[in-house]
Each structure stands twice: as C-alpha cells, then as structure tokens.
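In: What follows is a predicted protein model with its sequence.
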Amino acid sequence: SLARIDTFLSKMKLALTTSLLVASVGAFSPSFAPVRTNTAINAEQMSRSAFLQTSLTAAAATFVTLASPQEASAAKYGSVGRDSSAVLDPKDAIIDDEILATEAVQKSISNLKAYLNIVQKLKANVASNGQADIVPMIRTDLDFVALRGAMNTLTTAFDEDTQRGTDRLVRIIIQDISELEANSKLKEGIPRSEKRLVVINGKLDKLEKAFSDLLAFV
C-alpha cells in the first residue's frame with residue numbers, strides 16, 4: 001500500500017542521513033590511533049641492547065655538551081687546577097716542623113729512601129738480565145703493609161691540602177708495585193717477551209719518579 005511505501009522511504013532517508021552525519025564527524029574528529037615515533041621504529045629495528053647503548057650514549061653526550069668546560073674537565077681528569085685545593089708542588093707544601101722532626105717521621109723518610117734504592121736495584125737487574133726473576137725481591141723488599149705504613153707516617157707532617165697532593169703519589173706507588181709484580185711473573189719454559197720488558201721497565205720508571213717526587217716534599 002502507499003502508506004507502507006511512504007514509511008519505508010522515510011526509514012531509508014533517516015538511515016542515509018545518519019550515515020552521512022557519522023562520516024562527517026569522523027572526518028573532523030582528532031585521530032587517537034597510536035603514533036609510531038622515530039624512536040619506536042628505531043627500537044624495533046635495533047636489538048634491545050644496541051638501542052639502550054645508543055640512548056645512553058646520546059644522553060651522556062648531551063650532558064657533557066651542557067656542562068661547563070670546567071665541569072667537563074673535572075669529570076674527566078678529577079679535581080685538578082684552579083678549583084682544586086690539593087698541593088701538587090713541593091715548594092707550596094705546608095709542613096709541621098715539629099712533627100717532621102719526630103723519630104717516627106724521620107724513620108719513615110729513611111725507609112722511603114731505601115724503597116727508592118730497591119726500585120733502582122730492580123731496574124739494574126732487569127737491564128743486565130731481561131729474564132731475571134724479580135718477583136721475590138718485589139714481595140720481600142716492597143711489602144705493601146710496611147710501605148703504606150711508612151708513607152702514612154710521613155704524611156702526618158703535612159697539612160690537609162698537602163696530603164691531598166701526596167695521596168695521589170701514594171696511590172700511584174701502590175698500584176704500580178702491584179702491576180709490576182703481576183707483569184714480572186715468569187712461566188716455566190716461556191721467556192719474557194720484549195713487549196713485557198717494556199711494560200716492566202715503564203713501571204719501574206714510574207715508581208722511581210713517584211718515590212722521588214714524594215721525597216721531594218721533605
């Protein structure tokens with residue numbers, strides 16, 4: 001009948017109008033689909049460890065760039081220079097003459113001179129025989145406990161700023177003796193290589209200078 005046809009056409013118009021409205025709203029509404037950033041894409045393309053390493057490197061580079069030249073230098077080399085209170089030059093040292101004159105400190109000075117002499121003997125032994133076994137002499141004559149005790153006793157005569165400077169020499173001496181012993185060990189049937197001799201002589205040179213520099217404070 002005509003009434004049914006009119007009703008059907010009305011429903012069709014309503015459905016068409018609704019569809020058009022929904023499409024219009026969708027076209028002008030902001031999209032909430034997830035945005036894939038370059039970082040996310042890169043993360044998918046790279047392994048997890050490589051991506052994290054790249055990110056940390058970039059962050060570190062940014063920090064160094066933003067830091068002042070003085071801060072960057074201090075981070076790399078330690079507190080040395082204008083902002084450092086450590087006395088690195090013996091002529092600037094502040095020494096308590098009364099403590100320096102005590103028997104304990106004078107004995108420590110004599111012991112440190114003996115240690116310097118031992119290092120010089122080790123150098124002579126290696127120079128005359130590149131295969132000389134110097135480990136027993138290192139362990140016996142450069143004993144860590146006695147050596148550290150002598151250096152600690154000596155530095156009691158210095159003020160705090162001077163001690164900061166001499167502490168650096170103390171650390172160098174202890175570390176280089178340890179490394180000298182490790183590099184001087186001989187394996188049965190295997191001669192010491194030229195490369196190893198260069199390392200040993202380098203450590204002995206550093207030790208000779210460090211002991212001399214420390215004794216220069218007194």
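Out: Thanks, I have the structure now. These numbers were taken from a predicted model, which means no experiment stands behind them.

In: I'd like to know how many residues surround the residue nearest to Ile138 when sequence neighbours are not counted.
Out: Distance criterion CB to CB, 6 or more residues apart in numbering; nearest residue to Ile138, sequence neighbours excluded, is Glu181 at 4.9 Å. Glycine gets a C-beta too; all of them are placed from N, C-alpha and C. By the measure other CB atoms under 10 Å, the count of residues near Glu181 is 16.

In: Could you do Val199 as well?
Out: 16.

In: my guess is it meets Asn183, correct?
Out: Yes. Val199 is within contact range of Asn183, at 5.0 Å (criterion: CB atoms under 8 Å).

In: What helices and strands are in contact with whatever helix or strand Lys123 lives in?
Out: Assigned by DSSP states H and E, Lys123 belongs to helix 103-128. Applying 3 or more CB pairs under 8 Å, 6 or more residues apart in numbering; DSSP states H and E, one finds that helix 103-128 contacts helix 135-141, helix 144-155, helix 194-215.

In: Could you pull up the mean pLDDT of the first one?
Out: Rounded to a whole number, the mean pLDDT of helix 135-141 is 96.

In: quick one: contacts of that helix?
Out: Helix 135-141 is contacted from outside by 115, 118, 121-122, 125, 177, 180-181, 184-186, using CB atoms under 8 Å, 6 or more residues apart in numbering.

In: what residue ranges in this structure score low on pLDDT?
Out: For the chain, the stretches flagged by pLDDT under 70 are 1-87.

In: and with 50 instead?
Out: 2, 5, 21-49, 51-52, 54-56, 58-85 (pLDDT under 50).

In: ok, the contacts of helix 135-141 vs Ile99, which is closest?
Out: Closest approach between the contacts of helix 135-141 and Ile99, by CB to CB: Tyr115, at 20.8 Å.

In: From what I see, the closest one and Ala146 are in contact.
Out: No. Tyr115 is beyond contact range of Ala146, at 9.1 Å (criterion: CB under 8 Å).

In: quick one: which of those two has more around it?
Out: Ranked by neighbour count (other CB under 10 Å), Tyr115 and Ala146 place Tyr115 first, with 22 against 12.

In: Who are the contact partners of the closest residue to Asn111 other than its chain neighbours?
Out: Once flanking residues are discounted, Asn111 sits nearest to Ala150: 4.2 Å by CB to CB, 6+ apart. Counting by CB under 8 Å, 6+ apart, Ala150 touches 107-108, 111-112, 115.

In: Okay, Ala150 and Leu100: tell me how far apart.
Out: 14 Å (CB to CB, to the nearest Å).

In: Could you tell me which residues make contact with Asn125?
Out: Neighbours of Asn125 in contact, by CB under 8 Å, 6+ apart: 132, 134, 137.

In: will you turn those residues into a markdown table that also has distance to Arg164 and neighbour count?
Out: Shown next, in a markdown table, are the contacts of Asn125 (distance: CB to CB, whole Å; neighbours: other CB atoms under 10 Å):
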| residue | distance to Arg164 | neighbour count |
| --- | --- | --- |
| Ala132 | 37 | 17 |
| Ile134 | 32 | 21 |
| Met137 | 32 | 15 |
